[in-house]
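Student: after the sequence you'll find the predicted model.
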Amino acid sequence: MTALITRDELKAALDEGTATVVDALGGEYYARQHLPGAVALVPADVDARAAAVLPDRAAPVVTYCSNPACPNSGQVADRLTALGYADVRKYREGIEDWVAAGLPTETA
């Protein structure tokens, strides 16, 4: 099971630049709004694209989706772990929580 990360922990990691954030929704959702610096990587593309967007398997990675019920972030996190990424966590709440807290997002 992938470890969970809270909003405050994720915000600190983003502020410090210590984690790469992965948007597991992708597509129009990513284009419309994503967490600062996030890369898009949906479950169907993990095997083909992970090494290109996440070249350092030892670096911290945080996956997220829309909310806790969305399965994509867990699927991406589990697959990254299976591929040998050493420090993968899942943002427990998702971008809806991030936006509700008034934190900044980006668009593509």
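Tutor: Alright, I've got the coordinates.
Student: so which bits of stretch 67-82 are buried?
Tutor: 68, 70, 72, 73, 74, 75, 76, 77, 78, 79, 80, 81 (16 or more other C-beta atoms under 10 Å). (C-beta placed from N, C-alpha, C; glycine too.)
Student: what about the residue nearest the centre of the chain, distance to residue 11?
Tutor: Taking C-alpha atoms, centre = their mean, the centroid of the chain lies closest to residue 63, which sits 2.3 Å from it. Remark: distance between residue 63 and residue 11 (C-beta to C-beta, to the nearest Å) = 16 Å.
Student: tell me which stretches of the protein form helices.
Tutor: Applying DSSP state H to the chain gives helices spanning 7-16, 27-32, 46-53, 72-82, 95-100.
Student: can you say which of those helices is nearest to residue 38?
Tutor: helix 27-32 (7.4 Å; C-beta to C-beta).
Student: returning to that earlier point: ok, of the buried residues of stretch 67-82, which one's closest to residue 25?
Tutor: For the buried residues of stretch 67-82, the closest approach to residue 25 (C-beta to C-beta) belongs to residue 72, at 6.2 Å.
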